[in-house]
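Visitor: I would like to see how this sequence folds:
(2 chains)
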2 protein chains.
Amino acid sequence: MKLKRSGRMVDLTTYLLQHPHQLIPLSYFVERYQSAKSSISEDLAIIKENFEYQGIGSIITVAGAAGGVKYIPSISKEEASGIIHEIIDMLEDPERLLPGGYLYLTDIIGNPNLVNQVGRLFSSVFSHQKIDAVMTVATKGIPLAYAVASQLNVPVVIVRSNSRVTEGSTVSINYVSGSTKRIQTMALARRSIQKGANVLIIDDFMKAGGTIRGMISLIKEFQAEVAGIGVLVEAQDGAERLVDDYVSLTRLASVNEKEQRIEVEEGNYFNQKETNKNE
Amino acid sequence: MKLKRSGRMVDLTTYLLQHPHQLIPLSYFVERYQSAKSSISEDLAIIKENFEYQGIGSIITVAGAAGGVKYIPSISKEEASGIIHEIIDMLEDPERLLPGGYLYLTDIIGNPNLVNQVGRLFSSVFSHQKIDAVMTVATKGIPLAYAVASQLNVPVVIVRSNSRVTEGSTVSINYVSGSTKRIQTMALARRSIQKGANVLIIDDFMKAGGTIRGMISLIKEFQAEVAGIGVLVEAQDGAERLVDDYVSLTRLASVNEKEQRIEVEEGNYFNQKETNKNE
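Guide: Numbers count the residues shown, from 1 in each chain, chains lettered A, B, ... in the order given. A predicted model of the protein is given here:
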């Protein structure tokens, strides 16, 4: 198709947004728009400027025969802060309090728009690291893991508490839950992770960190590497934390069941981002 | 911010793609770009033309004081056919065959890019119906349900085989699995569906349809309505089908374990689309 600049802008923007972290040869667009390489480079420069101005990402150019352009999603500090504080406000709603001091998170996790924003937050932190897969544990971590993986353009692997016939052969480990101290099992299909893969762990909730430590053991069992850990909510807890190096969006500071009060604060997300930038 | 047309094109396209099925007042863009309403209407006309030409959706304009523009995602017949045949090719890979004639679907469901395409396919079929929520059953249906819900801008509700303390009070039903004839339980948090809501059921695999019939009963239990049913793979089976009215992307025609051969064909997706168009 032959398009005018404004039409190309619409189509190029759509294409890049739908193909994050994917190297696209310039020749692909030359053919798609039947336009000169120079015109397309100019188009891309305008898009890059706009993406960077809006803080929704950058476009990098890789030179050479195997080169092309790649859209790297990110998020501005203002937008990140807005999303995190929206989640904090939602979490502090006393209606969320369940018997036993548990929190009802189902509606937050059930909101695809919010989940996609969370995906953008985590993918932004880990966008400059080599990630080959995102791992989570069934059930509530799944939507978050997909939202992150979708932005990073990598597959998701789901760890389950029971193995199913439809998974083929699985690798299982036993681990000790950090808060209840009970022995539990987690299983993962043998074909789901390659040896040496860099795996990013994403989960909705971390208390003492037993489940996440279980996933770390499982990754080692596959002779793969932990590339990072991201959690939506971390809870303060008397027990010693089993995992040190993680990125959290929010921190549950206190839950007062009697007064029906929940206090939530920012997690370590922003500290983390600064550290990465200074490297 | 004050932007030139090409800059506005990039930003408007990004904004619309990130807010599907959401009515946005024109005044929002007038303020965002500090531009005249007439310029923005022209921009939107170019985007609409391009979206329709590429088959990625349409932009509808709602007149009046409470009016605005809304992006309705859809998919062209060519692109839909391409995605469905890509899935068919993946499904026919004999490596997928597990003992007992089961199929390994984990890698297909684990591919966020493919899952997002599936989301576009189903949201396109159901885009002109009133949908208030997408329902699925844990675990493999979850990514598909989010991909659909994300395009339709509605929440996801996840039915589980066991109730958890973190769900608050739940409604449970017993149902008979269509293929194994065993009695099973499914549960859903009481706060997750409103009375009278229109619920779209999405699942990865349908054999006799027992699980989906279970979800239908559960929806009735909440005094809500079934707005539609979509499945990634339907399997032909000697047993009578318990569910009639569904949209399937692919159909498992035969599995020959001895000869390691899997035959997969198109589901009823395209018939369905025609029917909807004639309404």
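Visitor: just to be sure, residue A:48 is in a strand?
Guide: No - according to DSSP: H, G, I helix; E, B strand; the rest coil, residue A:48 belongs to no strand; its state is helix.
Visitor: now it, nearest residue through space, not along the chain?
Guide: Counting by CB to CB, 6 or more residues apart in numbering or on different chains, residue A:48 lies nearest to residue A:59, which is 4.2 Å off, once chain neighbours are set aside. No exception for glycine: its C-beta is placed from N, CA and C like everyone else's.
Visitor: tell me the domain boundaries of chain A?
Guide: With domains defined by the TED database, chain A comprises A:5-72, A:77-266.
Visitor: circling back to that earlier point, look at the residue nearest to residue A:48 and tell me its secondary structure.
Guide: strand.
Visitor: on that earlier part again, point out the most buried one among the domains of chain A.
Guide: Among these, the stretch with the highest mean neighbour count (mean count of other CB atoms under 10 Å in any protein chain shown) is domain A:77-266, at a mean of 19.
Visitor: does it reach chain B?
Guide: Yes - using CB under 8 Å from any CB of the partner chain, domain A:77-266 reaches chain B at A:98-100, A:102-107, A:110-113, A:115-116, A:138-139, A:142-143, A:146-147, A:149-150, A:153-158, A:160, A:165-168, A:189, A:191-192.
Visitor: separation between the closest residue to residue A:189 other than its chain neighbours and residue B:99?
Guide: Nearest residue to residue A:189, sequence neighbours excluded (CB to CB, 6+ apart): residue A:167, at 4.1 Å. Going from residue A:167 to residue B:99 by CB to CB, to the nearest Å gives 12 Å.
Visitor: can you put the domains of chain A in a markdown table and add distance to residue B:31 and mean pLDDT?
Guide: Formatted as a markdown table, the domains of chain A follow (distance: least, CB to CB, whole Å; pLDDT from 0 to 100):
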| stretch | distance to residue B:31 | mean pLDDT |
| --- | --- | --- |
| domain A:5-72 | 15 | 94 |
| domain A:77-266 | 17 | 91 |
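Visitor: just the helices in the stretch 151-279 of chain A please.
Guide: Per DSSP state H, counting those that start in this stretch, the stretch 151-279 of chain A carries helices over the ranges A:210-221, A:269-278.
Visitor: columns distance to residue B:175 on top of those helices, output as CSV?
Guide: Output for the helices of the stretch 151-279 of chain A, formatted as CSV (distance: least, CB to CB, whole Å):
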stretch, distance to residue B:175
helix A:210-221, 30
helix A:269-278, 42
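Visitor: name the helices or strands packed onto the helix or strand where residue A:116 lies?
Guide: Assigned by DSSP states H and E, residue A:116 falls within helix A:112-126. Helices and strands touching helix A:112-126, as assessed by 3 or more CB pairs under 8 Å, 6 or more residues apart in numbering or on different chains; DSSP states H and E, comprise strand A:68-73, helix A:77-91, helix A:141-152, strand A:198-206, strand A:225-235, strand A:247-256, helix A:269-278, helix B:141-152.
Visitor: hmm, who's touching the first one?
Guide: If you take CB atoms under 8 Å, 6 or more residues apart in numbering or on different chains as the criterion, strand A:68-73 is touched by A:16-17, A:19-26, A:28, A:44, A:51, A:56-62, A:120, A:123-124, A:127, A:151.
Visitor: so how far is that strand off the chain centroid?
Guide: 18 Å (CA atoms, centre = their mean, to the nearest Å).
Visitor: just want the angle from the helix holding residue A:116 to strand A:68-73.
Guide: 120 degrees (axes from the mean of the first three to the mean of the last three CA atoms, to 10 degrees).
Visitor: now what about helix A:112-126, what contacts it?
Guide: Residues outside helix A:112-126 that contact it (CB under 8 Å, 6+ apart): A:20, A:73-75, A:80, A:83-84, A:86-87, A:108-109, A:143-144, A:146-152, A:200, A:202, A:227-228, A:230, A:232, A:247, A:249, A:269, A:272-273, A:276, B:18, B:146, B:149-150, B:153-156.
Visitor: the helix or strand following it pairs with which strands?
Guide: Next helix or strand after helix A:112-126 toward the C-terminus (DSSP H and E): strand A:133-137. Strand partners for strand A:133-137, identified by DSSP bridges, are recorded as strand A:156-159 (parallel), strand A:198-206 (parallel).
Visitor: who wins for proximity to residue A:183 among these?
Guide: Residue A:183 lies closest to strand A:156-159 among the strands paired with strand A:133-137, at 16.0 Å (CB to CB).
Visitor: can I get that closest one as CSV, trimmed to CA atoms?
Guide: Extracted in CSV, the C-alpha atoms of strand A:156-159 (Å, rounded to 0.1, in the frame of the first residue of the first chain):
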residue,chain,number,x,y,z
VAL,A,156,5.2,-17.5,30.1
VAL,A,157,5.7,-20.6,32.2
ILE,A,158,3.2,-21.5,34.8
VAL,A,159,4.2,-23.5,37.9
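Visitor: contact partners of it?
Guide: Residues contacting strand A:156-159 (CB under 8 Å, 6+ apart): A:133-138, A:142, A:145-146, A:149, A:186-189, A:192-193, A:199, A:214-215, A:218, B:106, B:110, B:112, B:139, B:143.
Visitor: any idea how far residue A:96 is from the residue nearest the centre of chain A?
Guide: Compute the mean C-alpha point of chain A, and by CA atoms, centre = their mean the closest residue is residue A:148, 3.0 Å away. Per CB to CB, residue A:148 is found 24 Å from residue A:96.
Visitor: can you check residue A:131 too?
Guide: Separation of residue A:131 from residue A:96 (CB to CB) stands at 32 Å.
Visitor: what's the angle between the strand or helix carrying residue A:32 and strand A:68-73?
Guide: Per DSSP H and E, residue A:32 falls inside helix A:26-33. Taking the same axes, to 10 degrees, one finds helix A:26-33 and strand A:68-73 inclined to each other by 90 degrees.
Visitor: with just CA atoms, put helix A:26-33 into CSV.
Guide: What follows is helix A:26-33, C-alpha atoms only, in CSV (Å, rounded to 0.1, in the frame of the first residue of the first chain):
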residue,chain,number,x,y,z
LEU,A,26,13.7,-1.3,7.7
SER,A,27,13.3,-3.1,4.5
TYR,A,28,10.0,-4.6,5.9
PHE,A,29,8.6,-1.1,6.1
VAL,A,30,10.1,0.0,2.8
GLU,A,31,8.1,-2.8,1.1
ARG,A,32,5.0,-2.4,3.3
TYR,A,33,4.6,1.3,2.4
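Visitor: hmm, it touching chain B?
Guide: No - if you take CB under 8 Å from any CB as the test, helix A:26-33 misses chain B, and the best it gets is 10.5 Å.
Visitor: contacting residues around the residue nearest to the centre of chain A?
Guide: When the contact criterion is CB under 8 Å, 6+ apart, the partners of residue A:148 are A:118-119, A:122-123, A:126, A:134, A:200, A:202, A:230.
Visitor: pick the one among these closest to chain B.
Guide: Ranked by distance to chain B (CB to the nearest CB), the contacts of residue A:148 are led by residue A:134 at 8.5 Å.
Visitor: find the nearest non-adjacent residue to the closest one, please.
Guide: Nearest residue to residue A:134 in three dimensions, chain neighbours excluded: residue A:149, at 4.2 Å (CB to CB, 6+ apart).
Visitor: quick one: the one you found and residue A:133, what's the gap?
Guide: Distance from residue A:149 to residue A:133, counting by CB to CB: 8 Å.
Visitor: got it, and residue A:145?
Guide: 10 Å.
Visitor: before we move on, what about residue A:119?
Guide: With the distance defined as CB to CB, residue A:119 ends up 15 Å from residue A:133.
Visitor: who's residue A:137 bridged to?
Guide: Note on residue A:137: beta-bridge partners residue A:159, judged by DSSP bridges.
Visitor: contact partners for it?
Guide: Counting by CB under 8 Å, 6+ apart, residue A:137 has contacts A:158-161, A:186, A:203, A:211, A:214-215.
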